[in-house]
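**Q** quick one: sequence plus predicted model below, questions after.
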Amino acid sequence: MMLSQLTTAEHTHELLAFARGAALPTGGFGYLRSDGRVDTSVAVSTLITARMTYCMSIASVLASSPEGEAVRLRDEGAGIAEAAQLAEHGIRALSTLLRDTRNGGWVVDLGDEPDASDKRAYQTAFVVLAASTASRAHVPGAERLLVDVLSAVETHFWSERYGALIESWNADWTVREPYWGANANMHGVEALLAAHGATGDPLWLARATRIADTFIQQRARANNWMLAEHFADDWTPLPDYNIERPDDQFRPFGVTIGHLFEWSRLLLELGAAYPAGAAPAWLRECAEGLYATARRIGWSVDGAEGFVYTVDWVGEPVVRERLHWVVAEAIGAAATLHSVTGQESYLVDLRSWQSYAARYLLDREQGSWYHTLDAKNRPTDAVWSGKPDVYHALQAVLLGDLPVGPTLFDRLVTLSRNE
């Protein structure tokens with residue numbers, strides 16, 4: 001991948017150099033401001049700590065194993081040399097600091113808000129992702145953490161009846177939120193694929209496939225790929241959910257363009273986890289349908305380059321800000337579809353969106369990617385303030401060059417073996 005004048009290796013180094021500033025001496029990773037300093041007004045959270053731990057685990061593999069040859073990161077560059085120590089730093093925080101030692105599970109954050117001690121599938125999925133990846137990277141403590149978090153998934157979050165993850169519970173697991181959400185379950189697919197890779201247990205692949213079937217094969221396909229994200233307790237769609245707060249960071253109103261791309265990539269990665277010829281055919285069909293829809297209703301639809309954040313149910317833009325993670329997921333989906341199909345159109349899209357990211361999203365003065373641009377592609381704090389983590393940007397940079405595989409870890413390994 002080439003982002004303007006930056007090679008994959010160079011830009012990966014830059015992202016990781018920026019990210020290492022999030023490590024806190026008191027444990028975990030903090031929320032980064034635009035200048036790369038920790039915003040001390042934001043409580044240490046499970047989400048940011050887990051995402052950064054995942055990134056550092058990937059970086060530790062790039063730095064110290066044969067897989068690193070794939071992107072030429074074996075040299076000790078800024079942000080790479082200490083990746084293994086930072087991954088262990090994150091695993092330690094997820095194993096202690098952010099654990100609810102009284103009730104079990106992982107808190108939302110260490111703040112004093114009433115819901116800070118709630119247990120949420122979204123955050124738990126990222127703990128699974130971090131622990132699974134760190135385990136494969138041989139980070140101390142990761143295997144034990146993975147056993148514990150998968151037990152929590154099995155005990156508290158998995159619904160065998162519905163083939164989905166329960167959204168959230170209160171602190172002591174006595175009150176369940178009467179809501180089913182696509183976002184948490186999408187990251188559940190990502191997490192369970194990682195767990196399958198780390199453990200070899202086919203249960204997690206089967207669970208990931210069921211979640212994808214529940215939300216995409218059964219529901220998104222029936223709605224012409226306009227994925228509904230929000231459902232009541234009885235699975236009645238909630239099309240007006242958050243209509244008064246359409247730019248919510250995690251549960252926005254309408255169709256979320258970036259999630260269509262993210263699901264598209266994940267479905268193809270899910271297919272890659274099966275033995276040759278054994279993957280359900282609908283995985284690729286759905287991936288192509290979601291991608292085509294996201295491209296058609298999301299890209300440059302309001303007079304300027306970039307993807308809008310959300311559209312309504314007839315495809316009209318609602319939140320016109322351009323979020324960095326949406327472009328990152330478009331890059332990942334295009335690269336993966338090109339790897340699977342060989343179709344030139346996906347490569348054209350990939351290069352176009354990489355070029356867009358280079359022109360508008362790279363902050364060449366302070367580092368990392370701007371997290372939000374306005375409708376004219378100018379940096380803004382309208383939806384996301386600062387640059388909390390490098391999870392999406394790092395994946396976009398690496399996925400642009402990788403063959404398909406069940407996880408980013410696997411895709412790096414596959415490339416290394418093929419060279």
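**A** Nice, I can see it.
**Q** from here on, contacts and neighbour counts on C-alpha atoms
**A** Fine.
**Q** so Ser264 makes contact with Thr293?
**A** No: applying C-alpha atoms under 8 Å, one finds Ser264 not in contact with Thr293, separated by 10.5 Å.
**Q** what's the local residue count around Leu270?
**A** Applying other C-alpha atoms under 10 Å, we find 27 residues neighbouring Leu270.
**Q** swap that for Leu238, sorry
**A** Leu238 has 15 nearby residues by other C-alpha under 10 Å.
**Q** contacting residues around it?
**A** Leu238 sits next to 228, 230-232 when contact means C-alpha atoms under 8 Å, 6 or more residues apart in numbering.
**Q** re earlier: of Ser264 and Thr293, who's got more company?
**A** A count of neighbours by other C-alpha under 10 Å puts Ser264 above the other of Ser264 and Thr293, at 31 against 18.
**Q** which element follows the helix or strand that one falls within toward the C-terminus?
**A** For Ser264, the host element (DSSP states H and E) is helix 257-272. Next helix or strand after helix 257-272 toward the C-terminus (DSSP H and E): helix 282-298.
**Q** what packs against the helix or strand containing Thr133?
**A** Taking DSSP H and E as the definition, Thr133 sits inside helix 121-136. Packing partners of helix 121-136 (3 or more C-alpha pairs under 8 Å, 6 or more residues apart in numbering; DSSP states H and E): helix 46-64, helix 83-95, helix 142-152, helix 182-199.
**Q** can I get that helix as PDB, trimmed to CA atoms?
**A** Provided in PDB are the C-alpha atoms of helix 121-136 (Å, rounded to 0.1, in the frame of the first residue of the first chain):
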ATOM      1  CA  ALA A 121     -20.800  -7.100  24.500                       C
ATOM      2  CA  TYR A 122     -19.000  -4.400  22.400                       C
ATOM      3  CA  GLN A 123     -16.200  -3.900  24.900                       C
ATOM      4  CA  THR A 124     -16.000  -7.600  25.700                       C
ATOM      5  CA  ALA A 125     -15.600  -8.400  22.000                       C
ATOM      6  CA  PHE A 126     -12.500  -6.200  21.900                       C
ATOM      7  CA  VAL A 127     -11.100  -8.000  25.000                       C
ATOM      8  CA  VAL A 128     -11.500 -11.200  23.100                       C
ATOM      9  CA  LEU A 129      -9.800  -9.700  20.000                       C
ATOM     10  CA  ALA A 130      -6.900  -8.400  22.100                       C
ATOM     11  CA  ALA A 131      -6.400 -11.600  24.100                       C
ATOM     12  CA  SER A 132      -6.600 -13.900  21.100                       C
ATOM     13  CA  THR A 133      -4.100 -11.900  19.100                       C
ATOM     14  CA  ALA A 134      -1.800 -11.400  22.000                       C
ATOM     15  CA  SER A 135      -2.000 -15.100  22.700                       C
ATOM     16  CA  ARG A 136      -0.800 -15.900  19.200                       C
END
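**Q** flag the shaky bits of this structure, pLDDT-wise.
**A** Scanning the chain for pLDDT under 70 picks out 1-6, 64-81, 415-419.
**Q** so how many other residues sit close to Ser41?
**A** Neighbour count of Ser41, defined by other C-alpha under 10 Å: 9.
**Q** can you tell me which of the helices and strands packed on helix 121-136 is nearest to Ser339?
**A** helix 182-199 (18.7 Å; C-alpha to C-alpha).
**Q** who touches the closest one?
**A** 121-122, 125-126, 128-129, 132-133, 135-136, 164-165, 167, 201-205, 207-209, 211-212, 215, 228-230, 250-251, 259, 263, 266, 270, 273, 406-407.
**Q** of these, buried ones?
**A** 121-122, 125-126, 128-129, 132-133, 135-136, 164-165, 167, 204-205, 207-209, 211-212, 215, 228-230, 251, 259, 263, 266, 270, 273, 406-407 (16 or more other C-alpha atoms under 10 Å).
**Q** which of the helices and strands packed on helix 121-136 sits closest to Leu399?
**A** Using C-alpha to C-alpha, the helices and strands packed on helix 121-136 put helix 46-64 closest to Leu399, at 12.3 Å.
**Q** helices or strands next to the closest one in the packing?
**A** Helix 46-64 packs on helix 8-19, helix 83-95, helix 121-136, helix 391-399, going by 3+ C-alpha pairs under 8 Å, 6+ apart.
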